[in-house]
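Enquirer: Compute the structure for the input listed below.
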Amino acid sequence: MEVKAGKLLSQINIPSDLKKFKEEDLVEICKELRQYIIDVVSVNGGHFASSLGVVELTVALHYVMNTPYDRLVWDVGHQAYGHKILTDRRNVFHTNRIYGGISGFPKRSESEYDTFGVGHSSTSISAALGMAVASQLKGETDRQHVAIIGDGSMTAGMAFEALNHGGTEKSNLLVILNDNCMSIDPNVGALKDYLTNIAISKTYNKFRDDVSAVLTKISELGPNAHQIVKTIEKTIKGSLLHKSNFFEALNFRYFGPIDGHDVNNLVKVLNDLKDIPGPKLLHCVTVKGKGYALAEKDQTKWHSPGLFNKITGEIKKSTPKAIQGPKYQDVFGNTIVELAEKNEKILGVTPAMPSGCSLNIMMKAMPNRAFDVGIAEQHAVTFSAGLAAEGFIPFCNIYSSFMQRAYDQVIHDVALQKLPVVFCLDRAGIAGSDGPTHHGAYDLAYFRCIPNMVVSAPMNEEELRNLMYTAQLQNQGPFSIRYPRGNGVMPDWERPFQEIIIGKGRKICDGEDIAILSIGHIGNEAVKACLELNQEGYFPAHYDMRFAKPIDEQLLHEVFKKYKHIITVEDGCIIGGMGSAVLEFMADHNYTANVKRLGIPDRIIEHGEQPELWAECGYDAIAIIETVKSLGEAKITKELAG
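Expert: Numbering: from 1, shown residues only. Here you go, the predicted model:
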């Protein structure tokens, strides 16, 4: 479906086109840009509310700054749809997050206006500071560097580290704090309360308006203008806030809070800030979902709603499949409550993803036993370690790709001390349209090499329940359970708990000539492959390994003694994954066999639907069938030749 841009927006392909308009036209341009985002996302899907909330800020930045020479670094990227549309991608914006289309996040290889690739949060200040220092070293004193970070992203340690460093540099850095009290879910923590107190202070807001008036006349104050304003600000801000301004204490000039939806005032303020040297922070108060009433009302639901009717707001449900279970995340969310009702030591922990991982179910049922610690994966892991050290059983739920940010804590604070933290890795394997920043490609490999760590993956919802049940029974050390984004295969998944022997796989079916060893949900593709192969006269065996560590050695002895052709299948990187564990076993025990590993190859996989990417990577049902046939034909040819 073709979506047409408004009269003014249709004339803007790059920011230099935007600059041709008068300032009084910017309000209408913002209106058209917001409507264009609504029109396209409603029929094509994607992130929604975040970009609506920064329409005015996006327009003002590209109107004032000399992009791409001036560097804009968008944090996370959920908020960058308007930026993409204004930077020569309006005509392909309908391909956003679609297989073969443009990325849903800023991406350096996609556009010169995307100065830094993002997907995970809280990286913008560090990156922009690095660019600012580089410009300083190159003598580019006129270049602007702007980090646009949401207040939710400010809770991560990396953002604090960057502010701490940035305040000691004299580089030309502007941090814009997009304060909407939201990440995906409502923000939590003391920083959120601090920002809210500033935003609602009547006295401070009066002072803010006065400072804004001073800034607009800064050129009239003479050669010592900046020093005069700085002195006045420092004196009055301290007395008004009754305590040190957090950002000022880190040597950042603080301006705001200002209305992030007043595009004309934003233009004035940004023009003035360009003339102020050194590190600065502009505090903009915005509304996530601005301009679409339903998104303003329920910002979590409309963060990424899928397809919807833009008139009625009805979110369209996907076409139901013949056999489809619940989402794995909902199995986790309901199961942890069920287990916690029987075991008072069980607690839940998530870094700012309660709705994304369904821990919100426990937070509602047991608010004192479930913790959202904000966007802070490192803290989430060590906080869980502290709970475990005092006898509790924390289920720490972190997306697989986000867990990469806390790898040191997993090793140093959990595994080294053999603390019984249960890591539930959501979005493991190919994550779909979120693309390479969110694919959980590496957890099997990076957890398998950690001593004392159990590495498991359920093939279906019942196994997820039973692995969670098993994990809270043992007290031997960390236990990881990885599962994919999306739905399982068992509508009747709520079955009685059964303990699983740690390190024990299971045989799905016996066979001839070839054995397929799978781990996790992707094993269901192997089941489909076996059913079709059986009809064509091929009868491979199929084993669900369940554990990459400890791997089932008894099962592998059986397989290597019986089969000369072995196919391993995993929704994870081939290097270091379950297939590598099988090869290591073969070498350690002096077996010989023809082992073919199927999984994510050694390259970056772009965005697309999961089945599309499984096929591209060569480990969906069709690829498994082709691999079995190729190995079978090779064996027959060899026997005939002999």
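Enquirer: Show me how the chain divides into domains.
Expert: Domain assignment for the chain, taken from automatic domain parsing, gives 9-297, 328-482, 506-641.
Enquirer: Looking at the ones you listed, which is nearest to Gln498?
Expert: domain 328-482 (5.2 Å; Cβ to Cβ). For the C-beta atoms, the positions are set from N, CA and C on the backbone; glycine is no exception.
Enquirer: end-to-end on the closest one?
Expert: The straight-line separation of the ends of domain 328-482 (Cα to Cα, to the nearest Å) is 10 Å.
Enquirer: could you give the mean pLDDT of that domain?
Expert: For domain 328-482, mean pLDDT rounds to 96.
Enquirer: Now the residue nearest to Glu169 when sequence neighbours are not counted: phi and psi?
Expert: Distances taken as Cβ to Cβ, 6 or more residues apart in numbering place Val133 nearest to Glu169, at 6.1 Å, with adjacent residues excluded. Backbone geometry at Val133, expressed as degrees, to the nearest 10, gives phi -70, psi -40.
Enquirer: Can you tell me which of the domains of the chain is most buried?
Expert: Ranked by mean neighbour count, the domains of the chain are led by domain 328-482 with a mean of 22 (mean count of other Cβ atoms under 10 Å).
Enquirer: Relative to the whole chain's centre, how far out is stretch 501-516?
Expert: The chain centre lies 34 Å from the centre of stretch 501-516; the measure is Cα atoms, centre = their mean, to the nearest Å.
Enquirer: any chance of the domains of the chain in TSV, with distance to Gly313 too?
Expert: TSV is the format used below for the domains of the chain (distance: least, Cβ to Cβ, whole Å):
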stretch	distance to Gly313
domain 9-297	4
domain 328-482	19
domain 506-641	25
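Enquirer: how distant is stretch 121-130 from the center of its chain?
Expert: Relative to its parent chain, stretch 121-130 has a centroid offset of 16 Å by Cα atoms, centre = their mean.
Enquirer: I meant to write stretch 533-547 there.
Expert: Worked out by Cα atoms, centre = their mean, stretch 533-547 lies 34 Å from the chain centre.
Enquirer: Can you measure across it, start residue to end residue?
Expert: 26 Å.
Enquirer: Let's test this: mean pLDDT of it, rounded?
Expert: So the average pLDDT for stretch 533-547 ends up being 96.
Enquirer: try stretch 246-257
Expert: 89.
Enquirer: Ok, stretch 6-21 next?
Expert: On average, stretch 6-21 scores 96.
Enquirer: related to what we said a few turns ago, nearest to Glu314, of the domains of the chain?
Expert: The nearest among these, by Cβ to Cβ, is domain 9-297 at 9.8 Å.
Enquirer: Quick one: end-to-end length of the closest one, please.
Expert: Using Cα to Cα, first and last residues of domain 9-297 are 27 Å apart.
Enquirer: let's have the chain start at 48 instead
Expert: From this message on, residue numbering opens at 48, which makes the last subject domain 56-344.
Enquirer: Could you verify that Ser565 is part of a helix?
Expert: No - counting by DSSP: H, G, I helix; E, B strand; the rest coil, Ser565 falls outside a helix, being strand.
Enquirer: in the sheet, who's paired with it?
Expert: Asp591, Val616 (DSSP bridges).
Enquirer: about what we covered before: compare the domains of the chain and give me the one nearest Pro543.
Expert: Here domain 375-529 is closest among the domains of the chain (Cβ to Cβ), at 9.3 Å.
Enquirer: which SS class is the residue lying closest to His330 once chain neighbours are set aside?
Expert: Using Cβ to Cβ, 6+ apart and skipping the chain neighbours, the partner closest in space to His330 is Gly303 (3.0 Å). Assigned by three-state DSSP, the conformation of Gly303 is strand.
Enquirer: Kindly confirm whether my reading is correct that Gly303 touches Cys331.
Expert: Yes - Gly303 is within contact range of Cys331, at 6.5 Å (criterion: Cβ atoms under 8 Å).
Enquirer: shared neighbours of the two, which are they?
Expert: Leu224 (Cβ atoms under 8 Å, 6 or more residues apart in numbering).
Enquirer: wait, what's in contact with Leu394?
Expert: Contacts of Leu394 (Cβ under 8 Å, 6+ apart): 387, 416-418, 434, 439-442.
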